[in-house]
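Engineer: got a sequence here, can you build the structure:
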Amino acid sequence: MTTSRTTLVTFLSVFLLLVSCSKKEVKQDEPLMSPDSSSGLAPGGVPVETDPMAAGGDTGLGDTGSEFKVAYFDYDSYSLRADAREALKANAAWLKRNKGVKVQVEGHCDERGTTEYNLALGERRANAARDFLTRLGVPKARLSVISYGEERPADPGHNDSAWSMNRRAVFVVLTR
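Structural biologist: Predicted coordinates:
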């Protein structure tokens, strides 16, 4: 009787553990569309308009200001792409001209992956952007980082185009 009760308790414990540890499904990237005028995408599947503020849009994410470019990232990566490095060089030049400005670098992800994973990835993206700016001569004391993971999407869609806009580092003015 004791052995069967112990077996039952063990089975139920393992079952409950497995059920409670289920993760949000992570979808794999679909092949990206090739760049052409009809797709509206640049190489890497990024929309041609890479800065939502340049079109006069408001991301609703704070005072990002049109002076800053957005750095975009590939799926499941915090490595700086060539276009992200160019955006960050422009941001560094602006920050060097405006020495009193302090900014927060926000790291963002698309909706795929767990909340915890995306928060960590967003932080790595923000740190990568901040570290690149410091190598270009922007004092680290003027840059803070925060990760929003998947919580503040620039595009609420559920496709490659939306996901490519959501994998980003955004700059928010803290003090002028």
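Engineer: give me the low-pLDDT residue ranges for this protein?
Structural biologist: Low-confidence segments of the chain, defined by pLDDT under 70, are located at 1-66.
Engineer: would you state the strands of the chain in chain order?
Structural biologist: With DSSP state E as the definition, the chain shows strands at residue ranges 71-72, 102-108, 143-149, 168-175.
Engineer: could you redo these as TSV and give each row mean neighbour count and distance to Asn127?
Structural biologist: Backbone N, C-alpha and C define where each C-beta goes, glycine included. As requested, these are exported to TSV (neighbours: other C-beta atoms under 10 Å; distance: least, C-beta to C-beta, whole Å):
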stretch	mean neighbour count	distance to Asn127
strand 71-72	27	12
strand 102-108	24	8
strand 143-149	18	6
strand 168-175	21	9
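Engineer: need the ones you listed in CSV (columns: distance to Ala120).
Structural biologist: Compiled in CSV, these are given as follows (distance: least, C-beta to C-beta, whole Å):
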stretch, distance to Ala120
strand 71-72, 18
strand 102-108, 9
strand 143-149, 7
strand 168-175, 15
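Engineer: can I get the CA coordinates of the lengthiest helix in the chain in PDB?
Structural biologist: In the chain, assigned by DSSP state H, the helix with the most residues is helix 115-135. Backbone C-alpha positions of helix 115-135 (Å, rounded to 0.1, in the frame of the first residue of the first chain) are rendered in PDB as follows:
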ATOM      1  CA  THR A 115       9.000  36.700 -21.600                       C
ATOM      2  CA  GLU A 116      12.100  36.000 -19.600                       C
ATOM      3  CA  TYR A 117      14.200  35.200 -22.700                       C
ATOM      4  CA  ASN A 118      13.000  38.300 -24.500                       C
ATOM      5  CA  LEU A 119      13.700  40.500 -21.500                       C
ATOM      6  CA  ALA A 120      17.300  39.200 -21.400                       C
ATOM      7  CA  LEU A 121      17.700  39.500 -25.200                       C
ATOM      8  CA  GLY A 122      16.400  43.100 -25.100                       C
ATOM      9  CA  GLU A 123      18.900  43.900 -22.500                       C
ATOM     10  CA  ARG A 124      21.700  42.400 -24.500                       C
ATOM     11  CA  ARG A 125      20.600  44.500 -27.500                       C
ATOM     12  CA  ALA A 126      20.500  47.700 -25.500                       C
ATOM     13  CA  ASN A 127      23.900  47.000 -24.000                       C
ATOM     14  CA  ALA A 128      25.300  46.200 -27.500                       C
ATOM     15  CA  ALA A 129      24.000  49.600 -28.800                       C
ATOM     16  CA  ARG A 130      25.300  51.400 -25.700                       C
ATOM     17  CA  ASP A 131      28.700  49.800 -25.900                       C
ATOM     18  CA  PHE A 132      29.100  50.700 -29.500                       C
ATOM     19  CA  LEU A 133      28.300  54.300 -28.700                       C
ATOM     20  CA  THR A 134      30.900  54.400 -26.000                       C
ATOM     21  CA  ARG A 135      33.500  53.000 -28.400                       C
END
